[in-house]
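Asker: Quick one: sequence plus predicted model below, questions after.
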Amino acid sequence: MALDRKQIHTLIDMVSSAESDETDCDTCYDHLAEFAEAELMGKEIPEALDATRRHLEQCACCNMEYEVLLEGLRSLED
């Protein structure tokens, strides 16, 4: 299947505008508890955890782990 000129330009635009994920899953997992606690306490997420936030937005597996952690922490509050 050959791509036409418009499709090629669209793909190039998508690739060039994509943010690189600075954090791998292991590093993200290491920061999940700190990230979740800050969110649950209503604190601003520290700039040091921005890479974790971006990773969670891009990685469905880590995001699922994060949601499970949040649910567990919320149940402890009750």
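Answerer: Sure thing, it's come through.
Asker: Next, residue 23: secondary structure please.
Answerer: Of the three states, residue 23 takes coil under DSSP: H, G, I helix; E, B strand; the rest coil.
Asker: Touching the top helix by length along the chain from outside, list them.
Answerer: The helix spanning the most residues in the chain, taking DSSP state H as the definition, is helix 60-77. The contact list for helix 60-77 (C-beta atoms under 8 Å, 6 or more residues apart in numbering) reads 25, 28-29, 32-33, 35-37, 39-40, 55-57. For glycine as for every other residue, the C-beta is placed from the backbone atoms N, C-alpha and C.
Asker: Which is the succeeding secondary structure element to the lowest-mean-pLDDT helix or strand in the chain?
Answerer: Using mean pLDDT, DSSP states H and E, helix 5-17 stands out as the lowest-scoring helix or strand of the chain, at a mean of 80. Of the helices and strands lying after helix 5-17 in sequence (DSSP states H and E), the nearest is helix 25-40.
Asker: in that next one, what's buried?
Answerer: 28, 29, 31, 32, 35, 36, 39 (16 or more other C-beta atoms under 10 Å).
Asker: angle of that helix against helix 60-77?
Answerer: Helix 25-40 runs at 40 degrees relative to helix 60-77, counting by axes from the mean of the first three to the mean of the last three C-alpha atoms, to 10 degrees.
Asker: next structured bit after helix 25-40?
Answerer: Assignment by DSSP H and E places the next element after helix 25-40 at helix 50-58.
Asker: Now do that following helix, average pLDDT.
Answerer: Taken as a whole, helix 50-58 has a mean pLDDT of 90.
Asker: for stretch 71-78, same thing?
Answerer: 86.
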